[in-house]
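>>> One predicted model, sequence on top.
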Amino acid sequence: MTAETQPLIKIESVYKSYDMGAEIVHALRGINLTITRGEYVAIMGPSGSGKSTLMNILGCLDTPTSGSFILNGKQVSEMDDNELADIRNQEIGFVFQTFNLLPRSTSLRNVELPMIYAGIDAEERRQIAKQALISVGLGERINHKPNELSGGQCQRVAIARALVNNPSILLADEPTGNLDTPTGDEIMLLFDKLHASGRNTIILVTHEEDIAQRARRIVRIRDGLIASDESNIPK
C-alpha cells in the first residue's frame, strides 16, 4: 500500500479512561475511525460526548488508554511526550477557538513560530509566513499585532500559522466559537477554499449543526461511541 492509498488516520478499538479519584470516567469506549487524505470531516457531539477527548488523541495531545492509532503510517498510540511533540509539529496544524496568538508579536512573527521549532532558516520562514498571510487575505496586516486586528483577522492569522509546515491534517476546534455569524461564515468559506485546493485534510470539531454541515462527512459522537458516520453534501 502506497502513502497515497493508505488511510491518513486509522483508529482501531480506541478506549480512553480518566481516573478521577472516586470514579473512573470512560470518555471513549471503543472508537473505530478511518480518514483518508483530502477529506473534510466534522466531528460533532454534545458536551461530555467524548468529542474533545477524540480530538486530543487525533491531535497527539493525548494517548489512548488502549487501542491503535496510526497517523500517516506512524503508530502514535504508544509514543512518548517528545515523540508526540515532533508529530504535532510535523503532521498537524491547529486552529483553536481562542486563536492562541502571542499578544505582543506581529502577525508575521506568530505565523513564523512553528517554523522556528522546525529549524527553518530565518529568511526562508519570513517568506513562507508572508505568503501564508497573503493566502488568507492578510497581506496588508503582516506587521499588525493581535490587538490591532478583528476576531476574524486573528483567526485568519491562526489558520496561516497552522498551514506553514504543510501539515497532513488541519485540526480546527470550534474555529468560529468566538466570532459573530458573518465573520464565522467568512472563516468557513476559507476552510471551503482550503478543501477545494486538495492539499489539506480538514478535521473540524464542533457542537454547532450549521458549522458541521459545511463538511463533506459528519461523524457524530455520543457517550464515547460513534453514533453515526455519514457523507454530507453542503446545502
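Yep, it's here.
>>> what about the helices in this structure?
With DSSP state H, the ranges of helices along the chain come out as 51-58, 81-91, 107-117, 122-135, 151-163, 181-197, 209-212.
>>> Look up the closest residue to residue 137, ignoring the ones flanking it.
In this structure, residue 137 finds its nearest non-sequential neighbour in residue 156, 6.4 Å apart by CB to CB, 6 or more residues apart in numbering. All C-beta spots, glycine's among them, are computed from the backbone N, C-alpha and C.
>>> how much space between the one you found and residue 185?
13 Å (CB to CB, to the nearest Å).
>>> do residue 164 as well
With CB to CB as the criterion, residue 164 and residue 185 are 25 Å apart.
>>> mind checking how far residue 197 is from residue 163?
10 Å.
>>> more neighbours, those two?
residue 163 (22 against 10; other CB atoms under 10 Å).
>>> pretty sure that one contacts residue 132?
Yes - contact criterion CB atoms under 8 Å: residue 163 and residue 132 qualify, at 5.7 Å.
>>> what residue ranges in this structure score low on pLDDT?
1-5 (pLDDT under 70).
>>> cutoff 80 now
Within the chain, the set of residues satisfying pLDDT under 80 comprises 1-6, 235.
>>> what residues are up against the residue nearest the centre of it?
The residue lying closest to the centre of the chain (CA atoms, centre = their mean) is residue 171, at 0.8 Å. For residue 171, the contact set (CB atoms under 8 Å, 6 or more residues apart in numbering) comprises 55, 58-59, 92-95, 203, 205.
>>> what's the spacing between residue 221 and residue 53?
Counting by CB to CB - residue 221 and residue 53 are separated by 9 Å.
>>> before we move on, back to that, tabulate the helices of the chain (TSV), appending distance to residue 34.
Rendered in TSV, the data for the helices of the chain read as follows (distance: least, CB to CB, whole Å):
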stretch	distance to residue 34
helix 51-58	12
helix 81-91	16
helix 107-117	27
helix 122-135	29
helix 151-163	23
helix 181-197	18
helix 209-212	19
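>>> For residue 22, find the nearest of those.
Checking the helices of the chain against residue 22 by CB to CB gives helix 51-58 as the closest, at 19.5 Å.
>>> any idea how far the closest one is from the chain center?
How far helix 51-58 lies from its chain's middle: 10 Å, per CA atoms, centre = their mean, to the nearest Å.
>>> Next: stretch 143-154.
That offset, for stretch 143-154, works out to 21 Å (CA atoms, centre = their mean).
>>> OK, contacts around the closest residue to residue 108 other than its chain neighbours?
Once flanking residues are discounted, residue 108 sits nearest to residue 142: 4.5 Å by CB to CB, 6+ apart. Going by CB under 8 Å, 6+ apart, residue 142 touches 106-108, 129-130, 133.
>>> repeat that for 7 Å
If a contact means CB atoms under 7 Å, 6 or more residues apart in numbering, then residue 142 has 106-108, 130, 133 as its contacts.
>>> and if you look at residue 209?
With CB under 7 Å, 6+ apart, residue 209 has no contacts at all.
>>> Okay, it and residue 192: tell me how far apart.
Taken as CB to CB, the span from residue 209 to residue 192 is 17 Å.
>>> now do residue 136
13 Å.
>>> higher neighbour count, those two?
For residue 136 versus residue 192, the count of surrounding residues by other CB under 10 Å is larger for residue 136: 23 against 15.
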